[in-house]
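Asks: can you look at this prediction? I've put the sequence above it.
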Amino acid sequence: METAIVMRNFKRVIAVSLILLKSLLPALSDNSHGAGYFPNLPVIDQDGNRYAFYDDLIKGKIVVVNFIYTHCPDLCPLTTARMSQLQQSLGDKLGKDVFFYSITVDPERDTPAELKKFAEAFGAKTGWRFLTGDPETIKKINHSLGDRSRNLSEHRNEIVIGNESTGVWARNSLMGDLASVEMDIRGMDPAWRPKSDTTANQDLVDKAYDSGGVPGKAMFAKLCAPCHAIGGGDRVGPDLAGVTKRRSREWLTEFIMFPDRMRQRKDPQTMALQDKYPGVLMPPLGLRPEDAADIIDYIERF
Ligand code: HEC
């Protein structure tokens with residue numbers, strides 16, 4: 001059992017290295033990933049702190065970077081909520097051993113104040129900086145991290161994980177299994193011993209995948225739980241305990257599938273929710289009617 005886990009980690013290290021070779025090395029051919037590769041240009045965070053990108057934020061650090069914009073109508077709120085789950089599972093390593101950077105791809109509109117509102121909606125702690133700056137600067141920085149999108153709709157939801165000291169860089173997705181992303185992050189530290197952490201990690205994996213045959217459960221865990229608890233209080237969005245009693249089935253189905261449509265036609269209950277949770281809106285997640293039905297049944301069980 002343990003050997004299998006060690007092997008899997010070993011394979012992951014190799015996979016990480018292969019991704020590195022494929023994706024970043026061409027851009028790095030005549031330099032290392034150190035000084036001179038990442039632009040050392042000025043950026044500003046959600047609290048108005050100014051940094052030199054390479055010297056202050058990258059050099060000697062293990063970092064997790066994603067690309068967002070606060071006006072993003074679809075996936076960024078979900079991926080940011082999943083970053084927030086990672087923040088939770090890394091505990092006090094964040095801000096000490098690991099640093100999160102969410103860099104805007106829309107610096108014209110994303111002022112520090114806008115980013116601050118967004119960061120607060122997701123409960124970002126000190127080790128998680130939301131970065132903006134001069135548009136040309138931000139473009140160069142994002143380009144150095146492999147973001148090649150020419151406009152906002154092209155922007156992707158991947159994350160870049162790296163350790164500048166060892167020169168190991170990898171990509172992953174926030175929409176995959178978060179326990180494996182967490183292991184990739186922890187694995188960036190050469191001193192990390194997977195063995196001591198595998199039990200906890202295996203628990204996470206089991207929890208994420210074990211839907212116990214309950215329809216809607218796995219989908220809820222992946223798409224809704226980053227923002228909602230059912231009992232246990234508000235997170236990014238409202239606690240969903242009892243929501244099937246407060247709202248009609250029709251209303252819930254439409255809201256879960258097309259919250260944007262309901263905002264457009266100014267549905268009164270939807271407008272009231274929006275006023276109550278101004279930092280972030282529930283995104284349309286592309287669910288089919290049968291998915292919505294399973295999820296509502298699942299919420300109703302509580
Ligand atoms: C990125 C965060 C996020 C994700 C992901 C998300 N929601 Fe929401 N949800 C919100 C926010 C914020 C609100 C309230 C503000 C608004 O959108 O008007 C909300 C509101 C709701 C409401 C209305 C609650 C009430 O009290 O009337 C329901 C129901 C709901 N969400 C269900 C879901 C379901 C089911 C999923 C998964 C398929 C989901 N949400 C995914 C953030 C999210």
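Replies: Sure thing, it's come through.

Asks: the strands in the stretch 1-150 of the chain, which residues?
Replies: Along the stretch 1-150 of the chain, counting by DSSP state E, counting those that start in this stretch, strands occupy 42-44, 50-52, 62-68, 98-104, 128-131.

Asks: closest one to the ligand among the ones you listed?
Replies: strand 62-68 (11.5 Å; CB to the nearest ligand atom). Bear in mind the C-beta positions are built from the backbone N, C-alpha and C, glycine included.

Asks: turn the strands of the stretch 1-150 of the chain into a markdown table, columns for mean neighbour count.
Replies: Compiled in a markdown table, the strands of the stretch 1-150 of the chain are given as follows (neighbours: other CB atoms under 10 Å):
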| stretch | mean neighbour count |
| --- | --- |
| strand 42-44 | 19 |
| strand 50-52 | 15 |
| strand 62-68 | 24 |
| strand 98-104 | 25 |
| strand 128-131 | 25 |
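
Asks: dump those strands into JSON lines; add mean pLDDT and distance to residue 153 as well.
Replies: Formatted as JSON lines, the strands of the stretch 1-150 of the chain follow (pLDDT from 0 to 100; distance: least, CB to CB, whole Å):
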{"stretch": "strand 42-44", "mean pLDDT": "98", "distance to residue 153": "24"}
{"stretch": "strand 50-52", "mean pLDDT": "98", "distance to residue 153": "29"}
{"stretch": "strand 62-68", "mean pLDDT": "96", "distance to residue 153": "13"}
{"stretch": "strand 98-104", "mean pLDDT": "97", "distance to residue 153": "15"}
{"stretch": "strand 128-131", "mean pLDDT": "98", "distance to residue 153": "21"}
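
Asks: what does the stretch 1-150 of the chain put close to the ligand?
Replies: Taking CB under 6 Å from any ligand atom as the criterion, the stretch 1-150 of the chain approaches the ligand at residues 77-78, 81.

Asks: typed the wrong thing, it's the stretch 201-302 of the chain
Replies: 223-224, 226-228, 236-238, 240, 243, 247, 252, 255-256, 259, 273-274, 277, 280-283, 285, 295.

Asks: hmm, which of the residues you listed are the buried ones?
Replies: Buried members of these, counted by 16 or more other CB atoms under 10 Å: 223-224, 226-228, 236-238, 240, 243, 252, 255-256, 259, 273-274, 280-283, 285, 295.

Asks: returning to what we had before: in JSON lines: the strands of the stretch 1-150 of the chain, plus distance to residue 212.
Replies: Shown next, in JSON lines, are the strands of the stretch 1-150 of the chain (distance: least, CB to CB, whole Å):
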{"stretch": "strand 42-44", "distance to residue 212": "45"}
{"stretch": "strand 50-52", "distance to residue 212": "46"}
{"stretch": "strand 62-68", "distance to residue 212": "31"}
{"stretch": "strand 98-104", "distance to residue 212": "32"}
{"stretch": "strand 128-131", "distance to residue 212": "33"}
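
Asks: residue 139 is nearest to which of those strands?
Replies: Closest to residue 139 of the strands of the stretch 1-150 of the chain is strand 98-104 (CB to CB; 10.4 Å).

Asks: which strands and helices sit next to that closest one?
Replies: Counting by 3 or more CB pairs under 8 Å, 6 or more residues apart in numbering; DSSP states H and E, the packing neighbours recorded for strand 98-104 are strand 62-68, helix 75-90, strand 128-131, helix 135-144.

Asks: quick one: low-confidence residue ranges for the stretch 101-250 of the chain.
Replies: 194-211 (pLDDT under 70).

Asks: tell me the pLDDT of the closest residue to the ligand within the stretch 51-200 of the chain.
Replies: Closest residue of the stretch 51-200 of the chain to the ligand, CB to the nearest ligand atom: residue 77 (3.4 Å). Confidence at residue 77, expressed as pLDDT, is 93.

Asks: that one touches residue 283, doesn't it?
Replies: Yes: between residue 77 and residue 283 there is a contact at 4.9 Å, judged by CB atoms under 8 Å.

Asks: check the residue nearest to the spatial centre of the chain and give its pLDDT.
Replies: In the chain, the C-alpha nearest the mean C-alpha coordinate belongs to residue 83, at 3.1 Å (CA atoms, centre = their mean). Looking at residue 83, its pLDDT is 96.

Asks: great, nothing more from me.
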